[in-house]
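Trainee: build me a model:
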Amino acid sequence: MQRLYDFIRRHPTGVDSFWAVLFFGFSMLNVADLNGADTSLRMATVPAVAALTAALALRRKWTQQMYWLTVGAGAYQLAIGSPIQFCDVAMLVVLFTVAAADVPRWVSRTALASGLLASPLYFLRFGVDKNASGTEEVLFVLFMMVPFALAWVMGDSLRTRRAYYAQLVERNQRLEKEREAQAKVAVAAERARIARELHDVVAHNVSVMVVQADGAAYVMDVAPEQAKEALQTISGTGRQALAEMRRLLGVLRTGEPQESEDYVPQPDVEQIEVLVEQVRAAGLTVDFEVEGAPRKLPSGVELTAYRIVQEALTNTRKHGGPDARASVRLVYFDDGLGLLVEDDGRGAAHELYEDGGADGAGHGLIGMRERIGMVGGTLDAGPRPGGGFRISALLPLKKS
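Mentor: Take a look at the predicted model:
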């Protein structure tokens, strides 16, 4: 049955033509049985039957044209004096089709008006019954108008339902496209976040390990104990990097951080001091200062603060030179957290902070700006008066 329904939906004109052939046959039988009609009237009625049959067959292909053909056939019947016949049922079908079709509203309203006029015009042409009273004649005319009104109302209701369904389909497609676009944006944002995390983890820890390895190689023969300490620092830094990588990969696999002794918690502001001690152990002199009353901050702000300090100190080791000194200052305001990381080294090359911070080898400052933007903060990075480099950031605390 489903295949039959699909075939009917795919070939509406063919189905209408099949019913039109049957309709034409019954109509011709009706014409042949006209009582009191001479042969000439029967012959004159055949074109009207043919026109109404054609309108029935092609009503969904050429709706407006078939409507006007039906009006012409009705006028022709009135002109030749042909009484109501079976073929006139096609007028109701065509009126329903016009009301249901996607045609200009004036055409639909004109079809309704012509359908309602059909009964009064027939009454004026043929009369009703000589023995009927005026009231009975009016009631008869009104009664004959009802089928045309019902056909139009049913067709117009179908048109409204189709339009509503099409609107729902269009809305669903639009929402689907919006969901796809949002999913792409979310994927891009997640990729950027993962790239920032990987950069922070790898750049910082590998930088520490490289510095310590170079130092160990340099003092291996003259100061074995210092070389041993450097190797221990390399080992500890490597373990920390692996732990952070496991944490990040755990989030990627499950969508949520996993609790395990192999994983480290997400860095926060309290761990900045540990980070500073780690950098000091790697050979960089760092002054650390906290102003204001420390308090719990939103996790996004804490991670952003930690990563900014981590990246700033990494850049100092990479670009500041062997005798560079750095300072880290955290300031707790009522409505935000201030960060100031400075060094007195050679300073980074101009292209490191120009045009967003792309340096051809990494994207540290780009990541900083992205992180700051995600929490609604501001970042200022550039050379410091008197030499060195400065990174200043303000992270607002959103109040609920």
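Trainee: confidence score at Ala203?
Mentor: The model reports Ala203 with a pLDDT of 65.
Trainee: now stretch 314-324: average pLDDT?
Mentor: Per-residue scores along stretch 314-324 average to 80.
Trainee: could you give the separation of that stretch from the chain centroid?
Mentor: How far stretch 314-324 lies from its chain's middle: 46 Å, per C-alpha atoms, centre = their mean, to the nearest Å.
Trainee: may I see the buried residues of that stretch?
Mentor: Neighbour-count burial for stretch 314-324, counted by 16 or more other C-beta atoms under 10 Å, picks out Thr314, Asn315, Thr316, Arg317, Lys318, His319, Gly320, Ala324. Where C-beta positions appear, they are placed from N, C-alpha and C, glycine not excepted.
Trainee: ok, stretch 69-79 next?
Mentor: Within stretch 69-79, the residues scored as buried using 16+ other C-beta under 10 Å are Leu69, Thr70, Val71, Ala73, Gly74, Gln77.
Trainee: which of the buried residues of stretch 314-324 fall within helices?
Mentor: If you go by DSSP state H, the buried residues of stretch 314-324 have Thr314, Asn315, Thr316, Arg317, Lys318, His319 in helices.
Trainee: ok, so of these, who is nearest Trp106?
Mentor: For these, the minimum distance to Trp106 (C-beta to C-beta) is 73.3 Å, reached by Asn315.
Trainee: I'd say the closest one and Arg390 touch.
Mentor: No - using C-beta atoms under 8 Å, Asn315 is not in contact with Arg390, being 11.2 Å away.
Trainee: any idea which helix or strand in the chain has the lowest mean pLDDT?
Mentor: In the chain, the helix or strand scored least confidently by mean pLDDT, DSSP states H and E is helix 350-353, which has a mean of 50.
Trainee: what's the following helix or strand after that one?
Mentor: Following helix 350-353 in sequence order, the next helix or strand is helix 364-374 (DSSP states H and E).
Trainee: buried sites along that following helix?
Mentor: Residues of helix 364-374 classed as buried: Gly364, Leu365, Ile366, Gly367, Met368, Arg369, Glu370, Arg371, Ile372, Met374 (neighbour count, 16+ other C-beta under 10 Å).
Trainee: and it, what does it pack onto?
Mentor: Packed against helix 364-374, as judged by 3 or more C-beta pairs under 8 Å, 6 or more residues apart in numbering; DSSP states H and E, are the following elements: helix 134-219, helix 299-319, strand 378-383, strand 389-396.
Trainee: for the record, mean pLDDT for that helix?
Mentor: 78.
Trainee: sketch out the low-pLDDT regions of the stretch 101-250 of the chain for me.
Mentor: Scanning the stretch 101-250 of the chain with the threshold set as pLDDT under 70 gives 127-134, 190, 193-194, 199-204, 207-208, 211-212, 247-250.
Trainee: now do the contacts for Arg174.
Mentor: By C-beta atoms under 8 Å, 6 or more residues apart in numbering, no residues touch Arg174.
Trainee: who are the contact partners of Leu284?
Mentor: With C-beta under 8 Å, 6+ apart, Leu284 has these contacts: Leu313, Thr316, Arg317, Gly320, Ala324, Arg325, Ala326.
Trainee: need phi/psi at the fifth one.
Mentor: What that stands for is Ala324. Main-chain dihedrals, Ala324, degrees, to the nearest 10: phi -70, psi 150.
Trainee: how about it: what's its closest non-neighbour residue?
Mentor: Gly345 (3.0 Å; C-beta to C-beta, 6 or more residues apart in numbering).
Trainee: how about Val107?
Mentor: Closest to Val107 by C-beta to C-beta, 6+ apart is Gln64, at 5.8 Å.
Trainee: pretty sure the one you found is touching Ser108, no?
Mentor: No - counting by C-beta under 8 Å, Gln64 does not reach Ser108; the two are 10.1 Å apart.
Trainee: mutual contacts of those two, please.
Mentor: With C-beta under 8 Å, 6+ apart as the test, Gln64 and Ser108 both reach Val98.
Trainee: looking at these two now, which is surrounded by more residues?
Mentor: Between Gln64 and Ser108, counted using other C-beta atoms under 10 Å, the more crowded position is Ser108 (21 against 13).
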